[in-house]
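> Structure for the following, please:
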Amino acid sequence: MLILWTNEIMYRWKVSVFLLTSFTLLCVELYGRGKGGVKNERMEDLEHSAADEDMDDYETVNEEDFPTLREWIDDRQLLYEERGRVVREVCHKYKVGNTTSNSSVTDFINMSTHADKNHLVERVKLNQFFLSRPQQVVGCLINKVASSSIVKSFLHLEGYVVKDVKSPHAYANRLHPKSWNELQMVDANYLKFLIVRDPLERLVSCYKDKMVSNTHWSLANFRKQVKQRASLIRTKRRNRLGPKKLNLKSKRLKRSLDIANTFWDEKGSFPISNPANNNQSGGTQNNLPSANPTASKVVKTPKSLIIEPKPEDIPTFSDFLEYILSTDLMGTGFSSHWVPYWRACTPCHFQYSVIAKLETGEDDLTYIWRKSGLESQAPIPWENKSRSMAKEKELADFYSSIPRSMLLRVFMKYRLDYEMFGYDINAALKLGGHKPVTEEALKLLTGGS
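Residues are numbered from 1 along each chain as shown. Now for the predicted structure:
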């Protein structure tokens, strides 16, 4: 009996332990599931919230937020109207005159007597315009402002096959209006544009090309002239004679014409003494085959001598600016590379549909090409020319090497360009580490109110 009673107690105890253990495990499992469920629910909420945020971001960048082509063109037109309005205001402010003449005799007299020098007058010239007749587009293309690539495009559209041409401007006479009557027709019917860039950046580009890297034989003597004149100017200044008393026709610098005109014609095309510019029959276009409407016209590069400049022969950027500031800036010969925009393109007396800028060149040229239909005939002559850090540093090095006073003298010589086209001399001053000009001082310099 005792054994049976003991076994019964042990059995009951085991059952109790089993039930208690099972209940405990069940509670633990239920608790864990409940906590995990909350966690999972929280994770799901976070995932849904993130998905909602992603959807919100997606919804804020949708098709309706991008302008249509029509809206983009309308926005560009408003911009060009505003740029044109600023040009007209500056023309009125400075009372820019007009001495345009279609008389070669009158032009010769005015040029020989320097009648336009130091006068704010424009002279509209046929050779300032470059036509794409098939697409009815005319541009005033300025040296060192993306002009070469556009001239190449226009030559292509005229049916010329341009091969290995380093200087397409040498063939630009094929693109100029042939008469004043044609220019009047162009003015009335063509899309008209000009393209500009920051004036000082253009001078840096010109310096690098003409003084440093270009190996054309005509530049050897020109570099000597630049160094020679800059040295004389500084000597005279040290002697307190001032730039107005400089005798630039001294024996050292005596020239019947600017030395540039000895090598280049007034249009900046072929070197006059280059044999490639003369054919045996007395014509001027021996490098083109006979006219044939069914055959492409081939343009070949004229041969020229190459002279590598020695380091000691290269003028400094300061020399180059000193030389430029001593010239009349009329745009003949080499000076076509630094003639002021307003004098080169005469915007006060020839109204342009588009005033483009190199800084916004991609959009501006895209507009011109689309508006005129050029994009179906030739690619937009533009590569990614956004200013890089290396370019920024290069400009800073150039500007910091020039005294602030000289940069301000450049500004005064090109002040109409700065005002007409919305450029700021303080950008160059700051980049070069110079003290910027106050707004009050700028008003005094430019005669502003």
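
> Would you confirm that residue 356 belongs to a helix?
No: counting by DSSP: H, G, I helix; E, B strand; the rest coil, residue 356 falls outside a helix, being strand.

> so what's it up against?
193-196, 364-365, 368 (C-beta atoms under 8 Å, 6 or more residues apart in numbering). C-beta coordinates here come from the backbone N, C-alpha and C atoms, glycine included.

> ok, which pair from the residues you listed is furthest apart?
Farthest pair in the contacts of residue 356 (C-beta to C-beta) is 196 and 368. Separation: 14.0 Å.

> picking up where we left off before, specify which member of the contacts of residue 356 is nearest to residue 134.
residue 368 (14.7 Å).

> That closest one reaches residue 194, doesn't it?
No: here residue 368 lies out of contact with residue 194, judged by C-beta atoms under 8 Å, at a distance of 10.7 Å.

> So for these two, which residues contact both of them?
In contact with both residue 368 and residue 194: 354, 356, using C-beta under 8 Å, 6+ apart.

> Could you check how far residue 161 is from residue 173?
When distance is defined by C-beta to C-beta, to the nearest Å, residue 161 is 18 Å away from residue 173.

> Which one of the contacts of residue 356 is nearest to residue 148?
residue 195 (12.0 Å).

> Quick check on the contacts of residue 356: which are buried?
193-196, 364-365, 368 (16 or more other C-beta atoms under 10 Å).

> Sort out for me which of the residues you listed are in strands.
Mapping the buried ones among the contacts of residue 356 onto strands (DSSP state E) picks out 193-196.

> for these, which one is nearest residue 69?
Nearest member of those to residue 69, counting by C-beta to C-beta, is residue 193, at 19.1 Å.

> Name the nearest residue to the closest one, ignoring sequence neighbours.
Counting by C-beta to C-beta, 6 or more residues apart in numbering, residue 193 lies nearest to residue 354, which is 3.9 Å off, once chain neighbours are set aside.

> The one you found: how many residues sit nearby?
Applying other C-beta atoms under 10 Å, we find 23 residues neighbouring residue 354.

> need the contact list for it.
Counting by C-beta under 8 Å, 6+ apart, the residues that residue 354 touches are 80, 191-194, 364, 367-368, 371.

> what two of these have the greatest distance between them?
Maximum distance among the contacts of residue 354 (C-beta to C-beta): 15.0 Å, for 194 and 371.

> How are the helices of the stretch 201-350 of the chain distributed by residue range?
219-238, 259-263, 317-325, 341-345 (DSSP state H, counting those that start in this stretch).

> if you compare those helices, which one is most tucked away?
helix 341-345 (a mean of 24; mean count of other C-beta atoms under 10 Å).

> Work out for me the element residue 139 sits within.
For residue 139, the host element (DSSP states H and E) is strand 137-140.

> Compare residue 161 and residue 173 and say which is more crowded by neighbours.
Set residue 161 next to residue 173 and count neighbours by other C-beta under 10 Å: residue 173 wins out with 16 against 12.

> Would you agree the more buried one falls within a strand?
No: applying three-state DSSP, one finds residue 173 to be helix, outside a strand.

> Verify the contact between it and residue 127 for me.
Yes: Residue 173 lies in contact with residue 127 (C-beta under 8 Å); the separation is 7.4 Å.

> Would you mind measuring from the closest residue to residue 234 other than its chain neighbours to residue 400?
Of all residues not flanking residue 234 in the chain, residue 322 sits nearest, at 7.1 Å (C-beta to C-beta, 6+ apart). Plainly put, residue 322 is 17 Å away from residue 400 if you go by C-beta to C-beta.

> what does residue 204 give?
Taking C-beta to C-beta, one finds residue 204 at 12 Å from residue 400.

> Which one's more surrounded, these two?
residue 204 (21 against 11).

> Using the three-state scheme, assign the residue nearest to that one when sequence neighbours are not counted.
Spatially, and ignoring its direct neighbours in sequence, residue 204 is nearest to residue 398 (5.2 Å; C-beta to C-beta, 6+ apart). Under the three-state scheme (three-state DSSP), residue 398 adopts helix.

> Surely residue 398 touches residue 320?
No: judged on C-beta under 8 Å, residue 398 makes no contact with residue 320 at a distance of 10.3 Å.

> Give me the common contacts of the two.
In contact with both residue 398 and residue 320: residue 207, using C-beta under 8 Å, 6+ apart.

> what about residue 86, how many neighbours?
For residue 86, the neighbour count with other C-beta under 10 Å is 14.

> Tell me which helix or strand it sits in.
Here residue 86 is assigned to helix 69-94, by DSSP H and E.

> what's in contact with the helix or strand just after that helix?
Proceeding N to C from helix 69-94, the next assigned helix or strand is strand 97-98, under DSSP H and E. Contacting residues not belonging to strand 97-98 are listed as 119-124, 346, 348-349 [C-beta under 8 Å, 6+ apart].

> what about strand 97-98, average pLDDT?
Throughout strand 97-98, pLDDT has a mean value of 78.

> Walk me through which strands it pairs with, and which way each runs.
When pairing is defined by DSSP bridges, strand 97-98 lines up against strand 121-122 (parallel).

> any idea which helix or strand comes after the strand it pairs with?
By DSSP H and E, the next helix or strand past strand 121-122 is strand 129-132.

> Adjacent strands (with direction) for that next one?
For strand 129-132, pairing defined by DSSP bridges yields strand 137-140 (antiparallel).

> which of the helices of the stretch 201-350 of the chain has the lowest average pLDDT?
helix 259-263 (a mean of 36).

> buried ones in the helix holding residue 86?
Residues of helix 69-94 classed as buried by neighbour count (16+ other C-beta under 10 Å): 76, 79-80, 83-84, 87, 90-91, 94.

> would JSON lines of the residues you listed with pLDDT and distance to residue 153 be doable?
Formatted as JSON lines, these follow (pLDDT from 0 to 100; distance: C-beta to C-beta, whole Å):
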{"residue": "76", "pLDDT": "92", "distance to residue 153": "20"}
{"residue": "79", "pLDDT": "95", "distance to residue 153": "23"}
{"residue": "80", "pLDDT": "95", "distance to residue 153": "20"}
{"residue": "83", "pLDDT": "96", "distance to residue 153": "23"}
{"residue": "84", "pLDDT": "95", "distance to residue 153": "24"}
{"residue": "87", "pLDDT": "95", "distance to residue 153": "25"}
{"residue": "90", "pLDDT": "94", "distance to residue 153": "30"}
{"residue": "91", "pLDDT": "93", "distance to residue 153": "30"}
{"residue": "94", "pLDDT": "89", "distance to residue 153": "34"}
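
> Go through those residues and name the one nearest residue 425.
The closest of the buried residues of helix 69-94, once distances to residue 425 are taken by C-beta to C-beta, is residue 90, at 15.1 Å.

> So which of the contacts of residue 356 is the closest to residue 225?
Distances from residue 225 to the contacts of residue 356, taken by C-beta to C-beta, are shortest for residue 196, at 27.5 Å.

> Please, where are all the strands along the stretch 151-300 of the chain?
Secondary structure of the stretch 151-300 of the chain by DSSP state E, counting those that start in this stretch: the strands cover 160-162, 191-196, 297-299.
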